[in-house]
Structure formats: C-alpha cells, structure tokens
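Sequence plus the predicted model coming up.
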Amino acid sequence: MIGRRSLLIVVSTIITSLLAFVGLFAMTNYLGKDVYGNISWVLATLGTLNAVADLGFGSAHIKRVSEGKDEGDCISTYTVIKVALTAFMVVFVFSALLLWNNVLGGNISSDTWNLVMLFVLYYIMYDLASIATLTFTARMETTKAQLVFMVDPLIRIPLIVFVSINHMTTNDLAYAYVFAAIGVLLVSIFLLRRGSLRWKRPTLFRSYWKFALPISLIAIAGAVTSNLDKILIGYFDTPGNVAYYSSAQTMLGTLGVIGSAVATLTFPSFSRLHSEGNIESIRKVTHAAERYISMIGIPAATLIILFPTEVCVALFGSQFAPAGDTMRFLAITMTLTLLNQVYTSQILGVNRPDISAKIILGTFALNVVLLLIFIPDSLFGIKMLGLSYTGAAIASVITALAVFLSIRLIVRDLTGTKSNPRIIRHLVAGAFAGVAIVGLDQVYPLSGIFRLIIFSVVTLVAFFAALAALKEFTREDISYFLDLINPGKMISYMGDEMKNQK
C-alpha cells in the first residue's frame, strides 16, 4: 500500500508541478524574471522566519499519532501548540523586521512591507492547515493530504496567470498566494472535521515536548538551510539571479518530492515497525523504496546533467540560459538527496531525534560556511569566490555529499541497514542512457520542448533496457508497476480512505 500511496503523491505532484510551470512561465514572460526573483526572495526570507511555528512539534505529532496514542488527545494537544507557535511567529517576524529596519540600518520600503504582511497571512493559513495535513500523514491517509495540497495550485495558478497577463503589481501577485492559502485552510478543516474527530482536554504536552525538544533546532536550521541560498543571492546580488537559481531549484524539486513522498510515508511505517521490534522489515522496506526511487531519479538526472542549458531554455525560455550550470549541480544534489531520503526517515522512525538534530545542525553549519565562501565577491573585506547562484549550487552538492555519507554510516550502526548494492546497476544503466542521448544529440541536437520530450523518452528506454539486460528490471517489477497504476485499484483505494476505511 505504501507504493500506491507514494504513486498518488507523485501523480498529484506532477499535476501541481505542471500547473506551477504554467505560473512560472506566465510570471517570467509577462512580468519578468526580476518580479519572480523578488517574490522568491521574500518567500525564502519569511519561510526561514516561519520555522519558529514548528520547532519539531510537527514531527512529534506524526510520531505520537502513528504510535497509536489517543488520537483525540493528540489532535487537541497539537492544535493548542500550533496556534500558540503561529501567534509567536507573527510577533517574531515583525519584531525581526522592525529591528532590521530601525536599529540595524536596513531599508524596507512600503511596497516590501505590504508584501511581508500578505505573505505572513499566507504562512498563518498554511501553519494552521498543517494541523490537519500532518494528522493525515500520521494516519497514512494520503488521499486527504493530497486533496489539501492540490487546492493551492488550482486556486493560485489561474490567479497568477490573470495577474501576469494583465501586467498587474507584485502585491496583486501576492494576493494570489493568500487566496490559495485560505482555500487550503478551509479544505483541511473540512476534511479533518469530516473524519472521526473527538476533541479532548489536551494532556500530551510533556510527551510532545520530550520528542520535539531535541529536534527543535532542526526546524530552524532546516528552514535556514533550505532558504539561505536564495536569501544570500538576493542580498549579495540581484533578484534576477535569484530567479535563475530558484527556477532550476523549483523544477528539480518536482523530482525531489518523490523521495520526500516515500520518506513521509515510511516515517510512520518505520515508527510502527520499530515499536514492534521488527528491524528486519525496516531494512527490507528501505532497500525496496531506494531501488524504486532510483529508477525514477537516475534517468532524470542523467538527462539534466548532460544537457542542463538546453533543458533550461526549453522549459523557461532563452533568458534562463545562464541557469544551465546551476541546473547541472542542483541535479547532482537532487540525486544524492533522493537516494538518501528513506534512510533519513529511519532515524526519526527509530526514535532518535537527537541524532537527527546533530545531522541537521552539522549540515546547517557546513552549508552556511560554503555559501559564504562561494556566493559573495567579498565578506568583511576578505576576497571570496563570487560565483553567485552557480556558487550556491556548488555548495549544495558538497553539502549533499557530506550528508549522504554521514547518514549511511549512522543508519548502518542504528539498524544494520547497508547501502543497497543493486543501485550500482542503476548507475551503469544511467551511464548507458547518457551515451545514447549524447549520440542522439550529434545527429539531432536537443533544442526546444518537443525535442526535450523525445530525449526524455530515449533516456528512459535506454535506461530500462540496460536495467533489463543487467537483470535488475524484471517481469515482477513490470507487474508491480502495472498493479500500482491500475486506475480501478487507485480509485478504490482513494474511495476507501475517504470513507475512513483503514
């Protein structure tokens, strides 16, 4: 069932990503890359500050619900915590910006203040909606969670296209995000109330705090790590260069969510298996999940790494050609992160948030140092590399490699899970597919969206043909995938879940 749940997440993500691409295309072609870069920068800044609205309590909620604690008590406890943290976030954001503007010599314009207020409202809605979405995740009710996430692009993208075509203001663009967040909140409340929800007097504050405390810094460090690259590019460079980096990162995030989908689903599964003492099943699920993730991630990365500029131009237009090198390095980062996601979820699943905290803090420290070396021309009078958005992408590769190796060693000690040796065959198949598309490019150069589709098909055919020759892709795998995408079974699964049949 994890496979079908993962597929549902992947399919909904593909749909939302296609819609997001339409929005990105409209913004860059009608409003310009500077507007997109400015929006990305503001979202990244507030996204970092919004980390105080979680502080690890989201993971604690998933952990306690998946362990079988009283669900009414869990939801009641988490609701009180989340409302309090969201209120604190609002105070924290405006206090930090006022400090920056009035004490530290910053210069926040009235237009920027308007954007800040709108996006703070956007984050408030999403923070409150997470009470429902994290509950669905803990219950492994994937259909409900994906319905909530689908609401955002279905509202936001048409509004973005309307604003862009009519050359309206950046504030008008921000309203599109706010209206979408309101829709997300309303649908999440409806679906949560529709289930067997029983509010109780909250009594699990100590239990939640005990789990969240060791990973409270994870939420902050993780948010800073995921957004600091864009913040620093905008600070040391221009919004246009933020757009180059953010566009490549957003597109690759479509593939990266595959690993996140599996990690999201395996976390409560690992938690349950660990509580039962079934470590062997944890190892088997990890290897199976990594193997299927690899079958999607490696061929995609092969095409992007070999033809990054062509991919950028085909997807975003000629003005995004400078993002090519960035796309190549971020594709490597994406591959390492994809293959590691299911291993990462093991650590929290076996109730070791302290180790997760150390990993995140180490990642944060390394990433900050590398970004400050690679992005600016100089820092405190010291000459730096000045590679801007490309430097940020290089820093991400180095950080991802360090994390990849560290987590593999840690998980090996925790559960005895070694790296899956079958992935080597996938790398060989990826190399074969690379040779095939490089040869194709010699007689049929890659340019434009139509040829990109052809090259994608050739990459997949060559990759899976090589896997079959290596006896790594068998009839059993084909049967598994065909069963996975069976429309009747998918509809039946979604219907059962919406009826609360566990």
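Arrived safely.

how about low-confidence regions in the stretch 301-450 of the chain?
Counting by pLDDT under 70, not a single residue of the stretch 301-450 of the chain qualifies.

roughly how far apart are Ser406 and Ile355?
Going from Ser406 to Ile355 by C-beta to C-beta, to the nearest Å gives 10 Å. To be clear about C-beta, it is placed using only N, CA and C from the backbone, and glycine gets the same treatment.

The two: which is more packed in?
Ile355 (19 against 15; other C-beta atoms under 10 Å).

What residue, apart from its backbone neighbours, is nearest that one spatially?
Among residues not flanking Ile355 along the chain, Ile347 sits closest, at 5.3 Å (C-beta to C-beta, 6 or more residues apart in numbering).

hang on, that neighbour packs against Ala357?
No - Ile347 lies out of contact with Ala357 (C-beta atoms under 8 Å); the separation is 9.9 Å.

neighbour count winner among the two?
Counted by other C-beta under 10 Å, Ile347 and Ala357 do not tie: Ile347 has more neighbours, with 23 against 20.

Can you tell me the number of residues neighbouring Phe450?
9.

any idea where the strands of the protein begin and end?
Taking DSSP state E as the criterion, the chain contains strands spanning 378-379, 382-383.

Of all those strands, which one is nearest Asp73?
Comparison of those against Asp73 by C-beta to C-beta identifies strand 378-379 as nearest, at 49.6 Å.

Parallel or antiparallel, list what pairs with that closest one.
Strand 378-379 pairs in its sheet with strand 382-383 (antiparallel), by DSSP bridges.

And the contacts of the strand it pairs with?
By C-beta atoms under 8 Å, 6 or more residues apart in numbering, the surrounding residues in contact with strand 382-383 are Asp377.

swap in stretch 225-239?
So stretch 225-239 is contacted by 33-35, 37-38, 40-41, 44-45, 47-48, 241-242, 245-246, 249, 360, 363-364, 367-368, 371-372, 375-377, 388-389, 392, 395-396 (C-beta under 8 Å, 6+ apart).

For that stretch, give the mean pLDDT please.
Average pLDDT, stretch 225-239: 83.

how far is that stretch from where the chain is centred?
Remark: stretch 225-239 is offset 18 Å from the chain centroid, using C-alpha atoms, centre = their mean, to the nearest Å.

and the residue sitting furthest away from the middle of the chain, how far is that from Phe404?
The C-alpha centroid of the chain is most remote from Val443, which lies 36.8 Å away (C-alpha atoms, centre = their mean). Val443 is 37 Å from Phe404, where distance means C-beta to C-beta.

Pull the contacting residues for Val311.
Val311 is in contact with 303-304, 324, 327, 452, counting by C-beta under 8 Å, 6+ apart.

what's the answer for Ala176, then?
155-156, 159-160, 163.

Not counting sequence-adjacent ones, nearest residue to it?
Distances taken as C-beta to C-beta, 6+ apart place Leu159 nearest to Ala176, at 3.6 Å, with adjacent residues excluded.

What of Ser76?
Ser76 sits nearest to Pro202 (C-beta to C-beta, 6+ apart), 4.3 Å away.

isn't that neighbour right up against Gly72?
No - with contacts defined as C-beta under 8 Å, Pro202 does not count as touching Gly72, sitting 9.4 Å away.

how about the helices of the stretch 101-250 of the chain, start to end?
Listed in chain order, the helices of the stretch 101-250 of the chain (DSSP state H, counting those that start in this stretch) span 110-139, 142-165, 170-194, 205-236, 239-275.

Quickly, which of the ones you listed bottoms out on average pLDDT?
Across the helices of the stretch 101-250 of the chain, helix 239-275 gives the lowest mean pLDDT, at a mean of 69.

neighbours around the closest residue to Asn50 other than its chain neighbours, how many?
Spatially, and ignoring its direct neighbours in sequence, Asn50 is nearest to Tyr123 (4.8 Å; C-beta to C-beta, 6+ apart). The number of residues packed near Tyr123 is 21, by other C-beta under 10 Å.

can the contacts of Ala176 go into TSV with extra columns for distance to Ala60?
Compiled in TSV, these are given as follows (distance: C-beta to C-beta, whole Å):
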residue	distance to Ala60
Ile155	30
Arg156	30
Leu159	35
Ile160	35
Val163	38
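
Which member of these is positioned nearest Ile298?
Proximity of the contacts of Ala176 to Ile298 (C-beta to C-beta) peaks at Arg156, which lies at 31.6 Å.

so where do the helices sit in the stretch 401-502 of the chain?
According to DSSP H, counting those that start in this stretch, the helices that the stretch 401-502 of the chain contains are 423-443, 448-469, 475-484, 487-498.

Tell me what angle the longest one forms with helix 423-443.
Our comparison of helix 448-469 with helix 423-443, counting by axes from the mean of the first three to the mean of the last three C-alpha atoms, to 10 degrees, yields an angle of 140 degrees.

tell me what helix 448-469 is packed against?
If you count contacts as 3 or more C-beta pairs under 8 Å, 6 or more residues apart in numbering; DSSP states H and E, helix 448-469 packs onto helix 279-306, helix 308-316, helix 423-443.

Of the ones you listed, which is nearest Leu467?
Closest approach to Leu467 among those is made by helix 423-443 (4.7 Å; C-beta to C-beta).
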